[in-house]
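Participant: Provided below are the primary sequence and the corresponding predicted coordinates.
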Amino acid sequence: MINFEEELKKFHPSLEVEDAEEAIYNQDLTDMADLMVKVVKESKAAEE
């Protein structure tokens with residue numbers, strides 16, 4: 001039978017996963033809300 005407590009003590013997260021997580025969170029990604037704000041601003045500027 002597997003002793004989950006012992007297995008959890010042996011667990012160490014992969015450095016590759018941690019590096020990937022940091023790279024993902026540090027990127028400045030444009031989402032749909034950012035695009036909509038840009039479109040609204042541009043349309044208001046075009047009306048003036």
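Facilitator: Now that the structure is in, tell me what you want to look at.
Participant: C-terminal to the helix or strand bottoming out on mean pLDDT in the chain, what's the next element?
Facilitator: Within the chain, confidence by mean pLDDT, DSSP states H and E is lowest for helix 15-25 among all helices and strands, at a mean of 79. Next along the chain after helix 15-25, taking DSSP states H and E as the criterion, comes helix 32-47.
Participant: chain center to stretch 32-48: distance?
Facilitator: The chain centroid and the centroid of stretch 32-48 are separated by 25 Å under C-alpha atoms, centre = their mean, to the nearest Å.
Participant: same question, stretch 19-30
Facilitator: With C-alpha atoms, centre = their mean, you get 6 Å for stretch 19-30.
Participant: what is the least confident helix or strand of the chain packed up against?
Facilitator: Of the remaining helices and strands, none touches helix 15-25 by 3 or more C-beta pairs under 8 Å, 6 or more residues apart in numbering; DSSP states H and E. (C-beta placed from N, C-alpha, C; glycine too.)
Participant: relative to the whole chain's centre, how far out is it?
Facilitator: Chain-centre distance of helix 15-25: 10 Å, with C-alpha atoms, centre = their mean.
Participant: pLDDT weak spots in this protein?
Facilitator: Along the chain, the model assigns pLDDT under 70 to residues 15.
Participant: burial measure for N26, as a count.
Facilitator: Neighbour count of N26, defined by other C-beta atoms under 10 Å: 7.
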